[in-house]
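Q: no sequence for this one, just the structure:
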């Protein structure tokens, strides 16, 4: 009897469903939709293509192999998305950022440019400007007697600037920096002095070479080991007068010894599609070291050591015309 009741219930349910299927569609229903019991034409189904690969970020940046006909959903490869570094800096293996060019200084409060030929304090600027105007007439060389002393901006003689490092192409980088002032200038820009190993890695480029341009020294590729020393030109002695504001203005054969930032295109440390300029030559650069350390060599330093060139003979308080900085972050 129970089985018979189940069959009866099934027949009632089937009749209900068939009755519902004969109900006329509502006026707001889609007239194009097929109805139960109506004749339905065959619908063409496109063949499934090759599978698509979904990119799930795991910290890598290498695309998986692509089979013929496969499509890759958006991933990092071949794309230059927003950099983790500010636009004036270069990303080194995702570990740190470094300025593309040697630092030129501005006043953090006003944005006005500081003279690159003086230590960036009012007192030192005023003292050196006055001193070398007096000494100029007693120089032993004609160049030393005839070359004028560059005048600093008037505001730099009347107020105490707050130096801030900037990284720009085509400008004279600031020399005459001690390590503390260099660190303060980087800090005002939201940056810091580079650690020595960071500086070395950045200089060697992504291929890890001793020189920005290759594995062996090539004269003239970087602005180092130049044909003259500016102190010898002005003072007749390469070991004297290193605070003379004119030193980085000296030209030999019509070419200035210190070059504008980025003006030596062969001397670039390559990182992907970007590059860092003048890490060898132009100016020595302070790095973060308790004992006092600067790297890279300046334009008249007689070194063929490239990225390995270092000087640790001076304390952090020392400064002269050949010392600048670039910042890290």
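A: Thanks, I have the structure now. Source: prediction; values computed, not measured.

Q: going forward, measure contacts and count neighbours with C-alpha atoms only.
A: Fine.

Q: for residue 193, give me its contacts.
A: For residue 193, the contacting residues are 182, 183, 186, 286, 287, 288, 325, 326, 327, 328, by C-alpha atoms under 8 Å, 6 or more residues apart in numbering.

Q: going on from the helix or strand of the chain with the lowest mean pLDDT, what's the next piece of helix or strand?
A: When each helix and strand of the chain is scored by mean pLDDT, DSSP states H and E, helix 2-21 comes last, with a mean of 44. Going down the chain from helix 2-21, the next helix or strand is strand 89-92, by DSSP states H and E.

Q: buried stuff in that following strand?
A: 89, 90, 91, 92 (16 or more other C-alpha atoms under 10 Å).

Q: again with stretch 274-281
A: Applying 16+ other C-alpha under 10 Å to stretch 274-281 flags 275, 276, 277, 278, 279, 280, 281 as buried.

Q: hmm, who's touching that stretch?
A: With C-alpha under 8 Å, 6+ apart, stretch 274-281 has contacts from 90, 99-102, 202-203, 211-212, 222-225, 261-262, 264-265, 267-270, 296-299, 301, 306-307.

Q: show me where the chain has its strands.
A: 89-92, 96-99, 103-107, 163-167, 192-193, 251-252, 255-256, 268-271, 274-277, 284-287, 293-295, 310-311, 323-324, 327-328 (DSSP state E).

Q: with mean pLDDT and distance to residue 174 added, can I get the ones you listed in a markdown table?
A: Output for the strands of the chain, formatted as a markdown table (pLDDT from 0 to 100; distance: least, C-alpha to C-alpha, whole Å):
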| stretch | mean pLDDT | distance to residue 174 |
| --- | --- | --- |
| strand 89-92 | 98 | 18 |
| strand 96-99 | 98 | 14 |
| strand 103-107 | 98 | 5 |
| strand 163-167 | 98 | 9 |
| strand 192-193 | 98 | 15 |
| strand 251-252 | 97 | 17 |
| strand 255-256 | 97 | 15 |
| strand 268-271 | 98 | 19 |
| strand 274-277 | 98 | 15 |
| strand 284-287 | 98 | 11 |
| strand 293-295 | 98 | 15 |
| strand 310-311 | 98 | 19 |
| strand 323-324 | 98 | 6 |
| strand 327-328 | 98 | 13 |
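
Q: tabulate these (CSV), appending distance to residue 137.
A: Below are the strands of the chain laid out as CSV (distance: least, C-alpha to C-alpha, whole Å):
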stretch, distance to residue 137
strand 89-92, 43
strand 96-99, 40
strand 103-107, 30
strand 163-167, 32
strand 192-193, 39
strand 251-252, 20
strand 255-256, 23
strand 268-271, 40
strand 274-277, 38
strand 284-287, 30
strand 293-295, 33
strand 310-311, 33
strand 323-324, 26
strand 327-328, 38
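
Q: list buried residues within the contacts of residue 193.
A: 182, 183, 186, 286, 287, 288, 325, 326, 327, 328.

Q: closest one of those residues to residue 164?
A: Residue 164 has its nearest neighbour among the buried ones among the contacts of residue 193 in residue 186, at 6.4 Å by C-alpha to C-alpha.

Q: what's the separation between the nearest residue to the closest one once chain neighbours are set aside and residue 227?
A: For residue 186, ignoring the flanking residues on the chain, the nearest one in space by C-alpha to C-alpha, 6 or more residues apart in numbering is residue 192 at 5.0 Å. Here the criterion is C-alpha to C-alpha, to the nearest Å. By it, residue 192 lies 34 Å from residue 227.

Q: looking at those two, which one has more neighbours?
A: Each of residue 192 and residue 227 has its neighbours counted (other C-alpha atoms under 10 Å); residue 192 has more, 21 against 12.

Q: next up, the contacts around residue 312.
A: Residue 312 neighbours (C-alpha under 8 Å, 6+ apart): 291, 292, 293, 294.

Q: separate out the buried members of the residues you listed.
A: Counted by 16+ other C-alpha under 10 Å, the contacts of residue 312 give 292, 293, 294 as buried.

Q: nearest to residue 238, of the residues you listed?
A: residue 294 (19.6 Å).

Q: I'd say that closest one and residue 308 touch.
A: No: taking contacts as C-alpha atoms under 8 Å, residue 294 lies outside contact range of residue 308: 10.8 Å.

Q: near residue 306, how many other residues are there?
A: 27.

Q: the one 3 residues further on now?
A: The local packing count at residue 309 equals 19, with neighbours defined by other C-alpha under 10 Å.

Q: just checking, it touches residue 302?
A: No: contact criterion C-alpha under 8 Å: residue 309 and residue 302 do not qualify, at 10.2 Å.

Q: okay, now the unreliable bits of this structure?
A: In the predicted model of the chain, residues 1-82 satisfy pLDDT under 70.

Q: apply 80 and report the result again.
A: Applying pLDDT under 80 to the chain flags residues 1-83.

Q: re earlier: contacting residues for the residue nearest to residue 186?
A: Residue 192 touches 183, 186, 327, 328, 329, counting by C-alpha under 8 Å, 6+ apart.

Q: nice, that's everything, thank you.
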